[in-house]
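Q: sequence-free structure coming up:
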């Protein structure tokens, strides 16, 4: 395939909206959810079955085009002027100079050079979740061992496992994977995982969501506490009410809270200082 034809095909993937899933009522579109949840008009509660599968997830990067090359860190041309290390036992939240956001996992670090907004190159040791600001003119590159991931604008996780495998899990958009020394290219679809280790590459499926099927509302609040670090206070009469919902594992917290609020006709308050969400 010549470069012009390839670029044309990849542009189609770039602009293509991921196909919606049709798995039960839980696969309702984000547009419907957005219309219901953020409607200007106050609505009465109806016992709907919701799907909160809106946000993007990505563990070491976010980007719609991703090129996986074999450049080692010594070839990355990243002169580290800024080094951020997480020596704590909790996730560290970082805003990069280009407004991209990073959730740096414990025992991990990132480093990047000067003029980052024009030269968006980062080295990673460990794990990180990147919510990358889209900028086609300045690709976002993450260097991890002998691999390079170039991001143009999607959401996905990149991580290195203990047995030195590189794993990329795609949550939204489409990405292209390249491996040094191999002519084959892999274009992933949402819900697909690329694994590379011992000079072997493979693609498989993974679950982007967590499902609550007729669970107590208190179970969802416990999930929020465990995964977002916010204590949830519910009215006693709502604790044992049942809920069926599908949530993207990296869903924005406020989206989940607003959804619960709409479903049960509850008001809520988020106290950032106390890391507490109160429904009433």
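A: Arrived safely, thanks for sending. The structure presented is a predicted model; accordingly, all values stated were derived computationally and were not measured. Residues are numbered from 1 along each chain as shown.

Q: specify the beta-bridge partners of the residue lying closest to residue 163 once chain neighbours are set aside.
A: Nearest non-adjacent residue to residue 163, counting by CB to CB, 6 or more residues apart in numbering: residue 197, 6.7 Å away. From N, CA and C alone the C-beta is placed, and that goes for glycine too. Residue 197 has these beta-bridge partners by DSSP bridges: residue 200.

Q: now do the contacts for residue 197.
A: 161, 163, 164, 165, 166 (CB atoms under 8 Å, 6 or more residues apart in numbering).

Q: rerun at 7 Å
A: Residue 197 makes contact with 163, 164, 165, 166, according to CB atoms under 7 Å, 6 or more residues apart in numbering.

Q: is the third one in contact with residue 195, as I believe?
A: Yes: when contacts are counted by CB atoms under 7 Å, residue 165 is listed as touching residue 195 (5.7 Å).

Q: helix/strand/coil for residue 237?
A: Per DSSP: H, G, I helix; E, B strand; the rest coil, the local secondary structure of residue 237 is helix.

Q: residues touching it, list them.
A: By CB under 7 Å, 6+ apart, the contact set of residue 237 is empty.

Q: and residue 221, by the same measure?
A: Residue 221 neighbours (CB under 7 Å, 6+ apart): 232, 234.

Q: how close does it sit to residue 202?
A: 38 Å (CB to CB, to the nearest Å).

Q: any low-confidence regions in the stretch 1-150 of the chain?
A: 1-79, 146-148, 150 (pLDDT under 70).

Q: quick one, helices of the stretch 101-250 of the chain?
A: 217-228 (DSSP state H, counting those that start in this stretch).

Q: so where is the stretch 151-280 of the chain shaky, pLDDT-wise?
A: 152-153.

Q: returning to what we had before: ok, the contacts of residue 197 vs residue 207, which is closest?
A: residue 165 (18.6 Å; CB to CB).

Q: domain-wise, how is this protein divided?
A: Domains of the chain are assigned by automatic domain parsing as 25-55+209-279, 66-205.

Q: residue 228: neighbouring residues, count only.
A: 17 (other CB atoms under 10 Å).

Q: I'd like to know how far it sits from residue 95.
A: Distance from residue 228 to residue 95, counting by CB to CB: 18 Å.

Q: buried ones in stretch 126-137?
A: Within stretch 126-137, the residues that qualify as buried by neighbour count (16 or more other CB atoms under 10 Å) are 126, 127, 128, 129, 130, 131, 132, 133, 135.

Q: so what touches stretch 99-115?
A: Outside stretch 99-115, the residues touching it (CB under 7 Å, 6+ apart) are 78-86, 88-96, 119, 121-133, 140.
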